[in-house]
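S.K.: this one's sequence-less:
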């Protein structure tokens with residue numbers, strides 16, 4: 001079956017902030033959705049299908065957010081796929097358009113998180129990661145004082161170093177790069193630049209991983225509007241459209257339960273998804289200029305250089321030594337600052353990655369713009385597990401200008417009442433919800 005072409009025509013996100021409970025998910029979820037709709041210059045009435053991703057929240061929270069735009073009775077599917085939840089929502093929305101089921105779909109991701117390291121929400125049932133934790137405990141032990149995710153990725157990083165000759169300093173250099181990149185991103189939770197020494201001497205979390213090499217818990221939201229070619233042409237959106245030329249989701253292979261700690265972090269599913277995505281797109285890694293990848297810990301970014309094929313197997317640290325992971329090198333990896341510095345509200349991360357890459361391909365990214373960006377690669381992984389690898393390309397050589405009166409790629413403004421009114425449904429169904437809420 002040949003799928004229909006699918007384009008991202010609108011993106012938007014809120015600032016990522018420390019969890020503090022002052023802003024609830026309906027507010028920043030609405031902000032991201034309104035920004036994406038305004039970017040696409042359409043109202044919610046044009047949306048025929050929505051997928052909403054979040055990990056921590058009650059059922060149908062997606063409806064609670066989107067009803068603020070209108071109770072239009074479209075399908076709204078809520079998605080939870082651990083840290084790849086945002087990209088899983090995008091994957092579902094894209095598939096709805098690619099299949100011809102709808103012409104316009106909305107993918108939204110948000111998270112309101114508790115402070116501190118991630119913990120299991122339910123203590124009265126089987127943990128979905130019990131198999132990995134059992135294998136890890138049997139091989140290298142389990143530290144009850146360290147966060148489980150830090151142990152999985154930290155042990156993977158240790159194994160990569162021991163097997164291929166990378167060092168803890170390579171991990172610290174990744175974090176230094178991402179913090180440096182985030183200084184130019186107005187949406188980042190952290191915008192401070194740190195020296196390599198400061199990163200190495202920050203508090204130890206697990207093994208070689210220090211605090212400044214680990215992503216923080218965050219609150220925030222991201223959104224993307226995807227549409228068919230017919231919709232794009234009808235609404236004169238081709239000059240700002242970014243085509244999803246390939247998108248692949250994969251889950252774990254049996255290697256995840258092997259004694260190889262690198263595989264505990266889901267390395268093999270990334271290999272599978274990346275290989276298929278390059279094949280579908282008809283390109284190779286060397287054709288990509290800008291990459292947003294899942295650096296929940298610096299160790300995972302190191303592993304992912306390898307599993308995405310950016311380097312030959314076992315040569316990821318050489319990409320760092322040659323500065324080929326930043327401006328002036330072969331690739332610019334995580335120009336947004338990545339999860340380490342931008343933040344990681346689980347359900348929002350995949351849509352924030354999408355937003356950054358769309359802005360890069362439109363050449364809107366200002367001081368953090370990657371020169372000559374033609375192809376962009378997105379990698380979003382969740383333990384347990386699922387990974388989504390997406391390849392984007394600008395639809396035309398013409399660069400559209402922002403439609404909202406300012407450049408959202410370089411300025412993180414709150415939404416206005418006027419913007420909300422333009423984005424929301426024009427039907428009475430919106431007024432009814434707002435009156436009932438009051």
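M.R.: Yep, it's here. All of these numbers come straight from a predicted model, not from anything done at the bench. Numbering: from 1, shown residues only.
S.K.: Which residue ranges of the stretch 101-250 of the chain form helices?
M.R.: Under the criterion DSSP state H, counting those that start in this stretch, the stretch 101-250 of the chain contains helices at 130-140, 148-164, 168-182, 196-201, 229-234.
S.K.: Put together CSV for those helices, with mean pLDDT on each row.
M.R.: CSV is the format used below for these (pLDDT from 0 to 100):
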stretch, mean pLDDT
helix 130-140, 93
helix 148-164, 97
helix 168-182, 98
helix 196-201, 97
helix 229-234, 98
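S.K.: what's the most buried one of these?
M.R.: helix 168-182 (a mean of 25; mean count of other Cβ atoms under 10 Å). Every residue, glycine included, has its C-beta placed from N, CA and C.
S.K.: and that one, what does it pack onto?
M.R.: helix 148-164, helix 196-201, strand 209-210, helix 298-307, helix 316-321, helix 338-342 (3 or more Cβ pairs under 8 Å, 6 or more residues apart in numbering; DSSP states H and E).
S.K.: Could you dump the ones you listed into a markdown table and include distance to residue 423?
M.R.: A markdown table is the format used below for the helices and strands packed on helix 168-182 (distance: least, Cβ to Cβ, whole Å):
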| stretch | distance to residue 423 |
| --- | --- |
| helix 148-164 | 36 |
| helix 196-201 | 40 |
| strand 209-210 | 41 |
| helix 298-307 | 35 |
| helix 316-321 | 41 |
| helix 338-342 | 24 |
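S.K.: what's the closest of these to residue 274?
M.R.: helix 298-307 (6.6 Å; Cβ to Cβ).
S.K.: what about that closest one, average pLDDT?
M.R.: Across helix 298-307, pLDDT averages out at 98.
S.K.: re earlier: any idea which of the helices of the stretch 101-250 of the chain gets closest to residue 320?
M.R.: helix 168-182 (5.1 Å).
S.K.: quick check: angle from the closest one to helix 298-307?
M.R.: Relative orientation of helix 168-182 and helix 298-307, computed by axes from the mean of the first three to the mean of the last three Cα atoms, to 10 degrees: 90 degrees.
S.K.: in what helix or strand does the residue most central in space within the chain lie?
M.R.: Nearest to the mean C-alpha position of the chain, by Cα atoms, centre = their mean, lies residue 350 at 2.2 Å. Under the criterion of DSSP states H and E, residue 350 resides in helix 346-362.
S.K.: helices or strands next to whichever helix or strand comes after that helix in the packing?
M.R.: Following helix 346-362 in sequence order, the next helix or strand is strand 375-382 (DSSP H and E). When contacts are defined as 3+ Cβ pairs under 8 Å, 6+ apart, strand 375-382 packs onto helix 85-98, helix 267-281, strand 290-292, helix 298-307, helix 346-362, strand 386-394.
S.K.: mind redoing it with 7 Å?
M.R.: For strand 375-382, the elements it packs on are helix 85-98, strand 290-292, helix 346-362, strand 386-394, judged by 3 or more Cβ pairs under 7 Å, 6 or more residues apart in numbering; DSSP states H and E.
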